[in-house]
Each structure stands twice: as structure tokens, then as C-alpha cells.
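[1] sequence plus predicted model, see below.
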Amino acid sequence: MDDVLLRTHDVTKKFGLLTAIDDVTLSVPAGKITSIIGPNGAGKTTLFNLFTGKFKPTSGRIEFRGERIDGQDPHEIVRKGIIRSFQITNFFDDLSTLENVRLATQMRHTGFGISDFLRHHESLDEPLTTARQVLERVQLADVADRRASDLSYGQRRHLEIGIALAAAPDLLLMDEPTAGMGPEETNETVDLIEDIATDTTLVLIEHDMNIVMNISDHIAVMNEGTLLSKGSPEEIRNDERVQRAYLGGE
Ligand SMILES: Nc1ncnc2c1ncn2[C@@H]1O[C@H](COP(=O)(O)OP(=O)(O)O)[C@@H](O)[C@H]1O
Ligand SMILES: [Mg+2]
């Protein structure tokens with residue numbers, strides 16, 4: 001049995017009349033890559049928004065390390081170590097790559113509040129060292145002093161990942177990290193994801209089935225808000241319901 005880091009239990013999320021998440025029970029094992037797949041509108045991003053506390057479940061519960069976190073504020077959840085790498089850019093264009101990551105090293109203490117950071121930081125030496133290590137890891141060390149706005153698309157995506165890593169996540173949520181990338185950038189990002197997975201539990205939303213099948217330990221398949229199937233890549237590949245609903249008989 002795997003150690004479970006995050007677990008949802010009968011989670012439902014309604015937006016008015018729409019049931020975006022319908023009675024979903026799933027677990028995220030520690031130290032693994034779990035991918036969430038499913039067609040557009042299946043509820044994947046909504047699940048992330050429930051994990052991070054942006055949304056509260058209409059019913060059901062969410063546990064992190066066995067402790068209930070549904071109903072907690074996003075900043076409390078960040079402090080516990082659940083960090084999301086944003087699909088929509090979430091950094092300061094006018095600051096350098098290094099400064100962006102340095103600010104983010106404080107995220108977990110402050111719950112991401114930049115004004116909190118500006119109030120609370122005492123010494124910037126330690127964040128600076130951490131920030132340089134993170135830049136090394138996300139392959140941006142050579143553009144540390146470049147303005148974030150001057151980075152290439154792929155570099156900006158890596159900066160987003162770096163900002164998330166700077167918060168020392170225990171659980172890192174990545175929503176379509178390779179979206180919009182060409183083959184070369186995609187390969188680099190997949191390498192980076194596999195590197196991160198050596199010391200961080202990952203949940204990945206990813207459309208590219210080759211990537212999903214190659215790097216996932218576990219896959220959860222969402223369809224119209226419900227959990228259609230879960231299992232190893234092999235199990236998902238051979239699941240007829242999944243093939244019918246999603247893979248188009250691939
Ligand atoms: N904040 C929101 N308010 C209303 N409806 C939402 C909101 N967020 C998502 N939805 C709806 O919930 C459903 C699932 O959306 P989403 O989780 O973004 O799907 P996915 O990420 O799988 O493409 C969609 O029908 C979407 O329109
Ligand atoms: Mg989405």
C-alpha cells in the first residue's frame with residue numbers, strides 16, 4: 001500500500017445548477033506522479049481549485065496527511081505545503097527571473113501574500129541562495145538577471161514552475177505544464193517534471209497522452225465531473241470505459 005498524502009472523500013462541487021465535481025473519491029499517493037486526465041470541462045481544474053482551497057466543496061471532505069483541509073483558507077493550505085504551479089502567469093514582469101523566485105521562497109511562510117512578505121522578511125541572504133538553486137533546477141540560471149517579461153514562452157513556463165518550487169512544496173499541482181509548447185520545450189519540461197518527482201509528490205493535469213502514459217504512476221480519469229476510472233497507465237490504457245469515453249478507441 002502506498003502512503004496517501006491527499007485524499008478526497010465523496011467530494012461534490014456545484015456551481016449553481018451545474019455539478020462540476022460529482023461525488024469524487026480519490027487518493028494521491030506520496031512520492032508518486034498522479035495524472036488527472038479527461039476532456040475539457042471534465043472538472044480537472046476544479047479539483048485543483050478544491051485542493052488549494054480556492055473553492056470549498058459543496059459536500060464531502062478533503063484530507064491532507066490525514067487532516068481535513070476543506071474549508072481552510074488558501075493561505076493556510078499553502079503553508080501546509082500544497083502549492084500550485086499556475087497555468088496563467090503569476091509573476092512580476094518587471095522583476096528579474098531571480099527576484100521573482102526569491103520572492104516566492106517566502107510564499108509558504110506568508111501564504112503567498114506579497115505584502116506579507118514585504119513586511120516580514122528580515123534577511124534576504126537565505127532566500128537568495130534557495131532562489132539560485134531553484135533557477136539551476138528549472139534551467140534558468142543563465143537568465144537569472146533577465147526581466148521576466150523578456151523570457152521566451154518556455155522559459156516563462158519554467159519560471160512558473162520555479163516559483164512553485166521555491167515554496168518547497170510537499171505536493172505540487174501542475175495544470176497543463178506543457179500546454180502551448182513545441183516538441184523541444186515539451187521534452188525539457190517532461191525531464192524537469194521527472195526530476196521534480198524524485199523528491200516531490202506531483203499531481204499533473206496533462207492532455208498529451210504520450211506524456212501521461214510515460215511518466216505517471218497513477219492516472220485518474222475524469223468525465224463530466226465524475227471519476228470514470230483510476231489505475232496504473234497500463235490499467236487505464238486497457239480500460240474499455242476510458243477508451244469509449246475519452247481515448248476514442250485509441
Ligand atoms: N468558477 C466557476 N464558476 C462556474 N462554473 C465553473 C467555474 N469553474 C469551472 N466551472 C465549470 O465547471 C466545469 C468543469 O470545469 P473545469 O474544472 O475547468 O474543467 P477542466 O479543467 O477539466 O477542463 C465546466 O463546466 C466549467 O464551465
Ligand atoms: Mg482545466
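    Happy to help now that I have it. Ligands and ions are numbered 1, 2, ... in the order given.

[2] mind jotting down where the strands sit in the protein?
    Assigned by DSSP state E, the chain shows strands spanning 4-15, 18-29, 33-37, 59-64, 67-68, 82-85, 171-175, 201-205, 218-223, 226-231.

[3] pairing partners for the shortest one, with directions?
    Spelled out, it's strand 67-68. Strand pairing for strand 67-68, using DSSP bridges, gives strand 59-64 (antiparallel).

[4] thinking again about what came up before, mind putting the strands of the chain into JSON lines with distance to ligand 1 and mean neighbour count?
    Backbone N, C-alpha and C define where each C-beta goes, glycine included. Formatted as JSON lines, the strands of the chain follow (distance: least, Cβ to the nearest ligand atom, whole Å; neighbours: other Cβ atoms under 10 Å):
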{"stretch": "strand 4-15", "distance to ligand 1": "3", "mean neighbour count": "18"}
{"stretch": "strand 18-29", "distance to ligand 1": "3", "mean neighbour count": "18"}
{"stretch": "strand 33-37", "distance to ligand 1": "8", "mean neighbour count": "24"}
{"stretch": "strand 59-64", "distance to ligand 1": "15", "mean neighbour count": "17"}
{"stretch": "strand 67-68", "distance to ligand 1": "22", "mean neighbour count": "10"}
{"stretch": "strand 82-85", "distance to ligand 1": "13", "mean neighbour count": "25"}
{"stretch": "strand 171-175", "distance to ligand 1": "8", "mean neighbour count": "23"}
{"stretch": "strand 201-205", "distance to ligand 1": "7", "mean neighbour count": "24"}
{"stretch": "strand 218-223", "distance to ligand 1": "6", "mean neighbour count": "24"}
{"stretch": "strand 226-231", "distance to ligand 1": "12", "mean neighbour count": "18"}
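
[5] any chance of the ones you listed in TSV with distance to ligand 2 as columns?
    Listed next are the strands of the chain as TSV, based on distance: least, Cβ to the ion, whole Å:
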stretch	distance to ligand 2
strand 4-15	14
strand 18-29	11
strand 33-37	9
strand 59-64	18
strand 67-68	25
strand 82-85	12
strand 171-175	6
strand 201-205	6
strand 218-223	10
strand 226-231	16
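
[6] identify the residue nearest the geometric centre of the chain.
    Leu173 (1.4 Å; Cα atoms, centre = their mean).

[7] could you tell me which residues of the protein lie near ligand 1?
    Contact residues, the chain versus ligand 1 (Cβ under 6 Å from any ligand atom): 15, 18, 20, 38, 40-46.

[8] which of those count as buried?
    20, 38, 42-46 (16 or more other Cβ atoms under 10 Å).

[9] is it possible to get TSV of the residues you listed that adds distance to Phe64 and pLDDT?
    Formatted as TSV, these follow (distance: Cβ to Cβ, whole Å; pLDDT from 0 to 100):
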residue	distance to Phe64	pLDDT
Ala20	21	98
Gly38	23	94
Ala42	23	96
Gly43	20	98
Lys44	19	97
Thr45	19	96
Thr46	18	98
